[in-house]
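1. Provided below for reference: sequence and predicted model.
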Amino acid sequence: MLVTVRHILIIDDEDDIREVASLSLEAVAGWKVSTANSASQGIAVAPGLQPDAILMDVMMPGMDGPTAFRAMQAVASIAHIPVILLTAKVQAQDQRRFADLGVAAVLFKPFDPLQLATQISKALGWPD
Amino acid sequence: MADSGASSQLPEKTRALLQDLWERNLPIIHGRLNLLDEAANSEPLPDKLRIDAMNVAHKLAGSLGMFGFTEGTRLARQLELALDVPAPDSAYVALLSRQLREELFPSSSPTAP
């Protein structure tokens, strides 16, 4: 069976989140992972990487996830890449606000390391 | 790392890698717990310290569950909410802070400073 190796760019200022998400996607799903520890770094490297999707934290110092998403939409070479926001906010108004931005999906922290790839695939309509 | 939750279902190698990540992050976890204690013991609580403590609680809420500490995430989330008011109930913040520390590092186990 042909297995599609996805490439995900993880943008999060938290080392532990980046590390567990990388571990989850690489070791559990066999995907390729690139990381950035800030929104500005993520925006800088995304055009060259051309990942299949971007998994980005909402709350980051400097530029937050929603602002970074809008900035990405203005860059032609990466505007087509689906962006998934990752948030620990559980209040309904926050969830609506993030969904209204036009991102591909919103996933919630803490995530289950065993299920993260499945959650991403499901959110983006990728076949298993 | 907690023995309950999703991590207990992970393959052994992945579980060992998660355990290693948890141990490497312990200094950060202890720093965050110490900041929460400092906020709980400050009377009056300066607004900057309140906001820093609220942000730390938010980070803990978003990460502890990844390592199997689902109750730790619940307590951290309660702390974040408790600190998200101009004048938090310091006794309640102190209680939650103690419960969170006990959940992560039960007093029967040795803990790092």
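-> Cool, the structure landed.
2. from here on, contacts and neighbour counts on C-alpha atoms
-> OK.
3. closest residue of chain B to chain A?
-> residue B:62 (4.5 Å; C-alpha to the nearest C-alpha).
4. which helix or strand contains that residue?
-> Taking DSSP states H and E as the definition, residue B:62 sits inside helix B:47-63.
5. show me how far that helix is from its chain's centre.
-> Here the centre of helix B:47-63 is set off from its chain's centre by 10 Å, with C-alpha atoms, centre = their mean, to the nearest Å.
6. using PDB, write out every CA atom in it.
-> Coordinates of each C-alpha in helix B:47-63 appear next as PDB, following Å, rounded to 0.1, in the frame of the first residue of the first chain:
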ATOM      1  CA  ASP B  47      -1.200  43.000  37.900                       C
ATOM      2  CA  LYS B  48       1.900  42.100  36.000                       C
ATOM      3  CA  LEU B  49       2.500  39.000  38.200                       C
ATOM      4  CA  ARG B  50      -1.200  38.100  37.900                       C
ATOM      5  CA  ILE B  51      -1.000  38.200  34.100                       C
ATOM      6  CA  ASP B  52       2.300  36.300  34.000                       C
ATOM      7  CA  ALA B  53       0.800  33.600  36.300                       C
ATOM      8  CA  MET B  54      -2.300  33.500  34.100                       C
ATOM      9  CA  ASN B  55      -0.200  32.900  31.000                       C
ATOM     10  CA  VAL B  56       1.800  30.200  32.800                       C
ATOM     11  CA  ALA B  57      -1.400  28.500  33.800                       C
ATOM     12  CA  HIS B  58      -2.500  28.700  30.200                       C
ATOM     13  CA  LYS B  59       0.700  27.100  29.000                       C
ATOM     14  CA  LEU B  60       0.400  24.300  31.600                       C
ATOM     15  CA  ALA B  61      -3.200  23.700  30.600                       C
ATOM     16  CA  GLY B  62      -2.200  23.200  27.000                       C
ATOM     17  CA  SER B  63       0.700  20.900  27.700                       C
END
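7. hang on, the earlier thing: for burial, what's the neighbour tally of the residue of chain B closest to chain A?
-> Using other C-alpha atoms under 10 Å in any protein chain shown, residue B:62 has 24 other residues around it.
8. just to revisit the earlier point, list the buried residues in the helix holding residue B:62.
-> Taking 16 or more other C-alpha atoms under 10 Å in any protein chain shown as the neighbour-count basis, helix B:47-63 is seen to contain the buried residues B:49-63.
9. just checking, what packs against it?
-> Using 3 or more C-alpha pairs under 8 Å, 6 or more residues apart in numbering or on different chains; DSSP states H and E, the elements in contact with helix B:47-63 are helix B:26-40, helix B:70-83.
10. contact partners of the longest one?
-> Contacts to helix B:26-40, defined as C-alpha atoms under 8 Å, 6 or more residues apart in numbering or on different chains, come from residues B:45, B:49-50, B:53, B:56-57, B:60, B:90-91, B:93-94, B:97-98, B:101, B:112-113.
11. who does the lowest-mean-pLDDT helix or strand in chain A touch, helix- and strand-wise?
-> The helix or strand of chain A with the lowest confidence, counting by mean pLDDT, DSSP states H and E, is helix A:92-99 at a mean of 80. In this structure, helix A:92-99 packs against strand A:105-108, with contacts taken as 3+ C-alpha pairs under 8 Å, 6+ apart.
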